[in-house]
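**Q** kindly return the folded structure for what I paste below:
(one chain, ligands or ions: 1)
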Amino acid sequence: MSTGFYDFADQLTQLNQQGLYRQRRVIDGPQGILLQVDGRQVVNFCSNDYLGLANHPEVVAGFKQAADRYGVGSGSAHLICGHSSAHHALEEELAAFTGRARALLFSTGYMANLGVISALVGRNDSVLEDRLNHASLLDGGLLSRAQFKRFRHLDSLDLQAQLLAHTQRTLIVSDGVFSMDGDLADLPALAKLAQQHQAGLLIDDAHGFGVLGHKGGGIVEHFGLAVDEVPILMGTLGKAFGTFGAFVAGSDDLIEILIQKARSYVFTTALPAAVAEATRISLRLLQTETWRREKLQSLIARFRAGAQQQGLQLMNSFTAIQPVLVGDSRQAVSVSQALMRQGFWVSAIRPPTVPSGTARLRVTFSAEHDMQHVDALLEALGKVMA
Ligand SMILES: *Cc1c(COP(=O)(O)O)cnc(C)c1O
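**A** Okay, here's the model as predicted:
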């Protein structure tokens, strides 16, 4: 082991040997079902563009028109002079969409989660998080300096025991749809426990909005919960919305306190107004084009039936995230590479993103896929997993 600060070679070698080395691939052209990679066309089964809105002509046109009107850069943070009428209109529309008094835009979901948690709890408080929460929620909990504990995945009894052991102000935090498993939080149980113990509840529904609920309202609509049962609701715009950014929706006072205290809101440049305008269009499509959700569900059903027939190990998910468990990291990588050679892009997800020994292929679907894409993927999986 060498001691020079800039001598990273040993670490890199080690990551490589463990099958944990991460590499980017360069794509050429827009997001979609077919991607150009290294001069070759492959079928995309790894994006979070679940409704196929990232390259929707109306969304693209709205973006271009707004660039003509607002330019590209937003110039500053929202609190200085970067908060445009496009941002403001989108916030009002997101508030209406979620049935909440107000919504606040953040530049990314990662930043929203860091900002919200550290604004709402501090040194004398505690944060309780599902073990499989997204990294940004876990990082937000650590950054807040509150006492930080995790409860077992989806285990409301474990959460209850921890709530009973805490006397501080407590914030309960969970993904709505878990990003690497595709399963759902037991939201009714979380809401009930939060109310019983007078704890706060923050739900990150990055993968639920647009996919769950008749109108795409996400996990809250799916379970039919009232607004006051899920008082702090966060969503991202880079997934089913097909654009970029994030929002938090809740009461007037919640939004005001975030504007005052969320450091990742205060100290960062507002996202481009043209992104906000494009998102206004995608929000409308997301709500009105219900066929996209219905098509997605039929693709998912087809995939699950076929995969089960082949004896593949699926997870308890009916969302657009359909992981196939592999276990070993190196094997997950080699299966993913073999699929790529056959023209299918499915990403291998390894620790530390998921617990060790649970490396998996994370297959994701989009409303733009067709049944024949699903069938072709199943056939390729049959070959490479055999
Ligand atoms: C993607 C994701 C985020 C981060 O959102 P970005 O806008 O990509 O930064 C946060 N939480 C969950 C659950 C996510 O899946």
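**Q** drop to CA atoms for contacts and neighbour counts, all remaining ones
**A** Will do.
**Q** neighbours of the residue of the chain found nearest the ligand, how many?
**A** In the chain, the residue that lies nearest the ligand is Gly109 (3.3 Å; CA to the nearest ligand atom). Number of residues near Gly109 (other CA atoms under 10 Å) recorded here: 24.
**Q** now it, nearest residue through space, not along the chain?
**A** Using CA to CA, 6 or more residues apart in numbering and skipping residues adjacent in sequence, the residue nearest Gly109 is Ala246, 4.9 Å away.
**Q** touching, that neighbour and Ala103? I think so.
**A** No - the pair Ala246 / Ala103 is not scored as a contact, 10.0 Å apart, by CA atoms under 8 Å.
**Q** one step back: now the residue of the chain closest to the ligand. Its backbone dihedrals?
**A** Backbone torsions for Gly109, taken as degrees, to the nearest 10, come to phi -70, psi -40.
**Q** show me the strands in the stretch 201-350 of the chain, by range?
**A** With strands called from DSSP state E, counting those that start in this stretch, the stretch 201-350 of the chain shows them at 232-236, 246-250, 321-327, 344-345, 347-349.
**Q** hang on, the earlier thing: Ala246 and Ala103: who's more crowded?
**A** Higher neighbour count among Ala246 and Ala103: Ala103, with 28 against 25, using other CA under 10 Å.
**Q** next helix or strand past whatever helix or strand that one lives in?
**A** Secondary structure assignment for Ala103, by DSSP states H and E: strand 102-106. Tracing the chain past strand 102-106, the next element assigned as helix or strand by DSSP H and E is helix 109-120.
**Q** give me the buried positions along that following helix.
**A** Across helix 109-120, burial judged by 16 or more other CA atoms under 10 Å covers Gly109, Tyr110, Met111, Ala112, Asn113, Leu114, Gly115, Val116, Ile117, Ser118, Ala119, Leu120.
**Q** show me the contacts for the last one.
**A** Contacts for Leu120 were tallied using CA atoms under 8 Å, 6 or more residues apart in numbering; there are none.
**Q** which residues pair with the residue nearest to Gly109 across the strands?
**A** Here Ala246 sits in beta bridges with Phe106, Thr236, going by DSSP bridges.
**Q** kindly reformat the strands of the stretch 201-350 of the chain as JSON lines containing distance to the ligand and mean pLDDT.
**A** Listed next are these as JSON lines, based on distance: least, CA to the nearest ligand atom, whole Å; pLDDT from 0 to 100:
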{"stretch": "strand 232-236", "distance to the ligand": "5", "mean pLDDT": "98"}
{"stretch": "strand 246-250", "distance to the ligand": "6", "mean pLDDT": "98"}
{"stretch": "strand 321-327", "distance to the ligand": "11", "mean pLDDT": "97"}
{"stretch": "strand 344-345", "distance to the ligand": "19", "mean pLDDT": "98"}
{"stretch": "strand 347-349", "distance to the ligand": "13", "mean pLDDT": "95"}
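**Q** okay if I get those strands as CSV plus distance to Gly82?
**A** Listed next are these as CSV, based on distance: least, CA to CA, whole Å:
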stretch, distance to Gly82
strand 232-236, 20
strand 246-250, 16
strand 321-327, 35
strand 344-345, 38
strand 347-349, 36
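**Q** quick one, which of those strands gets closest to Ala380.
**A** For Ala380, the closest of the strands of the stretch 201-350 of the chain is strand 344-345, at 8.1 Å, according to CA to CA.
**Q** what is the longest helix anywhere in the chain packed up against?
**A** Assignment by DSSP state H gives helix 290-309 as the longest helix of the chain. Helix 290-309 is packed against helix 371-384, with contacts defined by 3 or more CA pairs under 8 Å, 6 or more residues apart in numbering; DSSP states H and E.
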